[in-house]
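Engineer: Give me coordinates for this.
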Amino acid sequence: MSKTLYLECYSGISGDMTAGALLDLGADEKVLREALKSLPLDEFDIAVKRVKKSGLDACDFHVILDEAHDPHDHDMEYLHGHEHSPAEGGGHIHAQEHHHEHVHRGLPEIRDIIEGSGLSRRAKETALRIFQILAEAEAKAHGMPVEQVHFHEVGAVDSIVDIVAAAVCLDNLDVTEVTVTELYEGRGTIRCQHGIIPVPVPAVVNIVSAHGLSLHMTETEGELVTPTGAAFVAAVKTGDTLPERYRILKTGMGAGKRDYGRTGVLRAMLIEPEEKETDVVWHLESNIDDCTGEALGYVMDRLMEAGARDVYYAPVYMKKNRPAYELNVICKENAIERLEVIIFQNTTTIGIRRARMERTIMSRELQRIDTPLGEAQVKICEIGEERRAYPEYDSVVSLCKEHSLSYQQVWNTVSRAASDIDM
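Structural biologist: You can find the predicted model right below:
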């Protein structure tokens, strides 16, 4: 059965909070440690322990670095950009004393680290997706090509480990759906390697904007949502609306390191809808007679990335026998607004028709199976007592690239493997 993870981000989200919450939810610490040992890095160790946050028991995931790589994130005065002389602050460390050795790694180097590890294919894909989102956000913030971005804090060992740990734990829990309703964020300023910058930091703003995440601004002075946390949500979120009624199957809490006067935990829950709701989708439609094929292809990709369930074009003739295309988008109600923005921004249309539609769908679930080519994901559908298995496109493509085989060869292999399982 599918598993739905709900991340309750009332105290924000970061990489270490996410790893801690997923471990507390039941991810296997032994599996995580073995995966991290396979990384071609030797500058770190990890500690997993129980801590109290506002009297609540939470799991603390901590990356232990040698002195040369320790960013001293715990120094709150430094994070806020406050500097004191020894007389004012009792010998508090000055900003210039925080110059530690940061390993500046670019996206290609990080890809090599992840691909060269012993992580499962699904965990690798999740980690790579997170870093791709981070690289795009940093590239926009600094005005440079993605491949030329050299990460500082993000590319440091502790952040690589946080991201990989979160990806491994998510894979170990076998989560198929992730719901994040909103991200609670602070305000003010924070110090980074480039100086003092506003909160939300530019990378978080770029991620939120590009991936349609919802921010809930609070009165807290400080950074609650880190770029790593925002990128994790953008990479794995499949929905932003909770069922009207649901059961909580299990709960986990991950502790944050910074003290902003809030509880400082990320709560993760495995949930199950209490009753099946009527399946409703929305149909968006527009006639377009003056867009190029390339532009329409780009729009299709953007719409799918933003949450459309399906996108297709149909050739039509408009008044005065003008050849045109009818754009059709199938989506959930909570995606309508952001999808319409994409259509208006990237096509020449000046109007979009919409209709609410109820649909009948076969009962289905995603399942990962073993095949002669490796692990693959298939969709299991039921009609009466009959069960059918369909290979998922992304899994087939991944195996095609890995084994240099044609799509048809891999599809047939996965289909045969699926037909042999006890469904």
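Engineer: Quick test: name the residue nearest the centre of this structure.
Structural biologist: Centroid check for the chain by C-alpha atoms, centre = their mean gives residue 235 as the closest residue, at 2.2 Å.
Engineer: Doesn't that residue lie inside a strand?
Structural biologist: No. Counting by DSSP: H, G, I helix; E, B strand; the rest coil, residue 235 is not found in a strand; it is helix.
Engineer: please begin residue numbering at 382 from this point
Structural biologist: Shifting the count to begin at 382 puts that one at residue 616.
Engineer: Residue 508 contacts residue 548, correct?
Structural biologist: Yes. Using C-beta atoms under 8 Å, residue 508 is in contact with residue 548, at 4.1 Å. Quick note: C-beta positions are derived from backbone N, CA and C, even for glycine.
Engineer: between those two, what contacts are shared?
Structural biologist: Common contacts of residue 508 and residue 548 (C-beta atoms under 8 Å, 6 or more residues apart in numbering): residue 500.
Engineer: Low-confidence stretches in the stretch 532-681 of the chain?
Structural biologist: By pLDDT under 70, the low-scoring segments of the stretch 532-681 of the chain are 532-536, 574-575, 656-659.
Engineer: switch the cut-off to 90
Structural biologist: 532-540, 557, 570-578, 624-627, 638-644, 653-660, 670-674 (pLDDT under 90).
Engineer: Which residue ranges of it form helices?
Structural biologist: Assigned by DSSP state H, counting those that start in this stretch, the stretch 532-681 of the chain shows helices spanning 538-554, 583-592, 608-617, 674-686.
Engineer: closest one to residue 561 among the ones you listed?
Structural biologist: Closest approach to residue 561 among the helices of the stretch 532-681 of the chain (C-beta to C-beta): helix 608-617, 5.1 Å.
Engineer: Touching the closest one from outside, list them.
Structural biologist: Applying C-beta under 8 Å, 6+ apart, the external contacts of helix 608-617 come out as 388, 390, 393-396, 398-399, 507, 510-512, 514-515, 518-519, 535, 540, 543-544, 547, 551, 556, 559, 561, 564, 582, 584-585, 588-589, 591-592, 594.
Engineer: Would you write out the ChimeraX command that picks the buried residues out of those?
Structural biologist: Entered in ChimeraX, the line below selects the buried ones among those, by 16 or more other C-beta atoms under 10 Å:
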select :388,390,393,394,395,396,398,399,507,510,511,512,514,515,518,519,535,540,543,544,547,551,556,559,561,564,582,584,585,588,589,592,594
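Engineer: circling back: against residue 720, how distant is the residue nearest to the centre of the chain?
Structural biologist: Taking C-beta to C-beta, to the nearest Å as the measure, residue 616 falls 20 Å from residue 720.
Engineer: Now do the end-to-end distance for stretch 527-538.
Structural biologist: Stretch 527-538 has an end-to-end distance of 20 Å (C-alpha to C-alpha, to the nearest Å).
Engineer: hmm, I was thinking of stretch 498-505
Structural biologist: OK, stretch 498-505 end separation, C-alpha to C-alpha: 9 Å.
Engineer: List of residues touching that stretch?
Structural biologist: By C-beta under 8 Å, 6+ apart, the residues outside stretch 498-505 that reach it are 415-416, 418-421, 495-496, 508, 545, 548-549, 551-552, 749, 755-756, 779, 783.
Engineer: ok now stretch 582-593, how far from the chain's centre?
Structural biologist: Mean-position distance between stretch 582-593 and its chain equals 12 Å (C-alpha atoms, centre = their mean, to the nearest Å).
Engineer: ditto for stretch 615-626
Structural biologist: With C-alpha atoms, centre = their mean, you get 12 Å for stretch 615-626.
Engineer: my guess is residue 529 meets residue 487, correct?
Structural biologist: Yes. Counting by C-beta under 8 Å, residue 529 touches residue 487, with 7.2 Å between them.
Engineer: Which residue of these two possesses the greater neighbour count?
Structural biologist: A direct count of neighbours by other C-beta atoms under 10 Å for residue 529 and residue 487 places residue 487 higher, at 15 against 11.
Engineer: Share the number of residues neighbouring the closest residue to that one other than its chain neighbours, please.
Structural biologist: Spatially, and ignoring its direct neighbours in sequence, residue 487 is nearest to residue 531 (4.9 Å; C-beta to C-beta, 6 or more residues apart in numbering). When neighbours are defined as other C-beta under 10 Å, residue 531 has 17 of them.
Engineer: Pretty sure residue 531 sits against residue 516.
Structural biologist: No. Using C-beta under 8 Å as the test, residue 531 is too far from residue 516 to be in contact (9.9 Å).
Engineer: From residue 609, how far off is the residue nearest to the centre of the chain?
Structural biologist: Separation of residue 616 from residue 609 (C-beta to C-beta) stands at 10 Å.
Engineer: Now for the residue nearest to residue 399 when sequence neighbours are not counted: which residues touch it?
Structural biologist: Counting by C-beta to C-beta, 6+ apart, residue 399 lies nearest to residue 547, which is 4.4 Å off, once chain neighbours are set aside. By C-beta under 8 Å, 6+ apart, the contact list for residue 547 reads 396, 399-400, 403, 507, 511, 613.
Engineer: Of the residues you listed, which pair is most distant in space?
Structural biologist: Longest distance between any two of the contacts of residue 547 is 13.8 Å, between 403 and 511; criterion C-beta to C-beta.
Engineer: surely residue 587 meets residue 521?
Structural biologist: Yes. The pair residue 587 / residue 521 is scored as a contact, 4.9 Å apart, by C-beta under 8 Å.
Engineer: Which one's more surrounded, those two?
Structural biologist: Shown here are residue 587 and residue 521; by other C-beta under 10 Å, residue 587 has more neighbours (21 against 18).
Engineer: Wait, residue 398 touches residue 637, no?
Structural biologist: Yes. Counting by C-beta under 8 Å, residue 398 touches residue 637, with 4.9 Å between them.
Engineer: who touches both of those two?
Structural biologist: Each of 392, 646-647 lies in contact with both residue 398 and residue 637 under the rule C-beta under 8 Å, 6+ apart.
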